[in-house]
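Engineer: This is a predicted model, with the sequence first.
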Amino acid sequence: MPWRPAGGSEDDGVALTSSATSEIARNVQQAASGTQQVSTNIGGVTQAAAETGTAAVQVLSSARSLSQEATELKEAVGRFLRGVKAA
């Protein structure tokens, strides 16, 4: 004897099962879509982090160059002032 919901027919049970299966399928599709969006966002964050790292290397290089130039300028000014003082 097949299962029948209380007070309902076998067709009602099939309809409920079909409805539940459709709902599960929709939820799975939504979860898959959400997972794809997260994956895409992670890819974007990874790319942005790589670009930030590249920019940081460039800033560090510029800062080192500027520091070297400042040291050279300080030495040049020191030589100039010693020359003026000696004159």
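Structural biologist: Received it, and whenever you're ready, just let me know what you need. Numbering: from 1, shown residues only.

Engineer: all helices for this protein, in order.
Structural biologist: Secondary structure of the chain (DSSP state H): helices at 10-86.

Engineer: Poorly predicted segments of it, please.
Structural biologist: 1-10 (pLDDT under 70).

Engineer: redo that, cut-off 90
Structural biologist: Applying pLDDT under 90 to the chain flags residues 1-17, 87.

Engineer: tell me, what residue is most central in this structure?
Structural biologist: Central residue of the chain (CA atoms, centre = their mean): residue 45, 1.9 Å from the mean position.

Engineer: How many residues are close by residue 15?
Structural biologist: 13 (other CB atoms under 10 Å). All C-beta spots, glycine's among them, are computed from the backbone N, C-alpha and C.

Engineer: measure it to residue 22 for me?
Structural biologist: The spacing between residue 15 and residue 22, counted by CB to CB, to the nearest Å, is 11 Å.

Engineer: Centre of the chain to stretch 50-68, how far?
Structural biologist: Computed by CA atoms, centre = their mean, to the nearest Å, the chain-centroid distance of stretch 50-68 equals 22 Å.

Engineer: Same check on stretch 26-45?
Structural biologist: Distance, centroid of stretch 26-45 to centroid of chain: 13 Å (CA atoms, centre = their mean).

Engineer: Going forward, the N-terminal residue is numbered 14.
Structural biologist: All right, first residue 14 from here; so that's stretch 39-58.
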